[in-house]
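A.B. asks: Fold the following, please.
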Amino acid sequence: MLAKFDIRLKSFNRSLSLLAIKEHMPVWKDQAPRIFTTKQGEAALMVAALTEAIRKQEAGLGGVAGEKDREETELEEAVYMVAQALVSWFTDKKQESGAGEVDLTMSEWRHMRDQRLLTKSERVMELAQSLVDGPEAAEAAKYGITPEAVTLLGKEWSDYDGIVNAPGVAQSLRRALTKGFPAALNLVESKFKELDRLIIQFARTEAGRSMIAAWKEARLKKGAGHSGGGGAQEEASAGPALPVSPAAGG
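C.D. replies: Predicted coordinates:
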């Protein structure tokens with residue numbers, strides 16, 4: 001990972017980690033302003049998605065668009081295999097309606113997108129699972145309709161569903177990632193600036209002021225190799241000034 005990305009990601013994680021400290025949780029969790037709790041959850045989702053995207057990039061797994069294409073292909077291949085096994089089963093059992101429901105060519109599966117692909121794949125899973133769990137499981141296994149095949153299909157379905165139906169903030173981050181990591185990092189930073197603007201409302205108590213001071217420190221982006229010397233750069237994150245204890249003002 002490029003150093004500048006690593007620095008900013010660590011800043012985001014530091015900020016989220018300090019909010020999770022047991023002394024700080026009662027100060028903000030589901031407390032007024034309650035929107036802070038909502039936005040903290042959104043920030044956590046975005047940081048998790050960004051971390052995973054960077055991990056996959058470093059592993060040579062490609063960007064967001066490539067990830068969706070890959071997961072879609074893996075689901076298409078898994079569902080086609082199980083569906084064709086079901087067609088053989090239903091045909092031998094003289095259940096033409098069952099066979100017709102799932103008898104699709106690979107080309108037909110590949111022309112499906114997003115929710116339509118998920119819905120049709122889910123139906124294949126339901127049919128296969130009913131056989132795996134039923135009295136004819138041993139015979140169905142001879143056709144390749146096995147617990148392992150259903151589990152694999154379920155995994156591929158879940159992976160693709162996680163991309164297509166990700167929460168709104170995760171989807172917005174995915175869209176930003178198609179433009180590159182700088183755009184995604186800036187989007188996450190804008191979410192943390194929303195928290196900057198709200199966190200000052202917790203300054204009514206000593207515990208709140210202590211948390212705010214820790215938040216301000218965590219939101220500092222330290223340059224690589226920072227050791228406190230004069231040559232290192234330290235840039236405070238943009239946002240409103242955070243209050244300190246009234247006693248400190250003199």
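
A.B. asks: Only C-alpha atoms from now on, for both contacts and neighbour counts.
C.D. replies: Noted.

A.B. asks: Where does the one residue sitting closest to the centre of the chain fall, secondary structure wise?
C.D. replies: Compute the mean C-alpha point of the chain, and by C-alpha atoms, centre = their mean the closest residue is residue 49, 4.2 Å away. For residue 49, the host element (DSSP states H and E) is helix 35-58.

A.B. asks: can you tell me the average pLDDT over that helix?
C.D. replies: Confidence for helix 35-58, expressed as mean pLDDT, is 89.

A.B. asks: Output the contacting helices and strands for the helix or strand harbouring residue 77.
C.D. replies: Counting by DSSP H and E, the element that carries residue 77 is helix 64-92. Helix 64-92 makes packing contacts with helix 96-102, helix 106-110, helix 114-132, helix 147-164 when contacts are defined by 3 or more C-alpha pairs under 8 Å, 6 or more residues apart in numbering; DSSP states H and E.

A.B. asks: Quick one: those helices as JSON lines, columns for mean pLDDT too.
C.D. replies: Listed next are the helices and strands packed on helix 64-92 as JSON lines, based on pLDDT from 0 to 100:
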{"stretch": "helix 96-102", "mean pLDDT": "95"}
{"stretch": "helix 106-110", "mean pLDDT": "97"}
{"stretch": "helix 114-132", "mean pLDDT": "97"}
{"stretch": "helix 147-164", "mean pLDDT": "93"}
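
A.B. asks: Those into TSV, with extra columns for mean neighbour count and distance to residue 219?
C.D. replies: Listed next are the helices and strands packed on helix 64-92 as TSV, based on neighbours: other C-alpha atoms under 10 Å; distance: least, C-alpha to C-alpha, whole Å:
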stretch	mean neighbour count	distance to residue 219
helix 96-102	16	53
helix 106-110	14	45
helix 114-132	17	38
helix 147-164	18	30
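
A.B. asks: Thanks a lot, see you next time.
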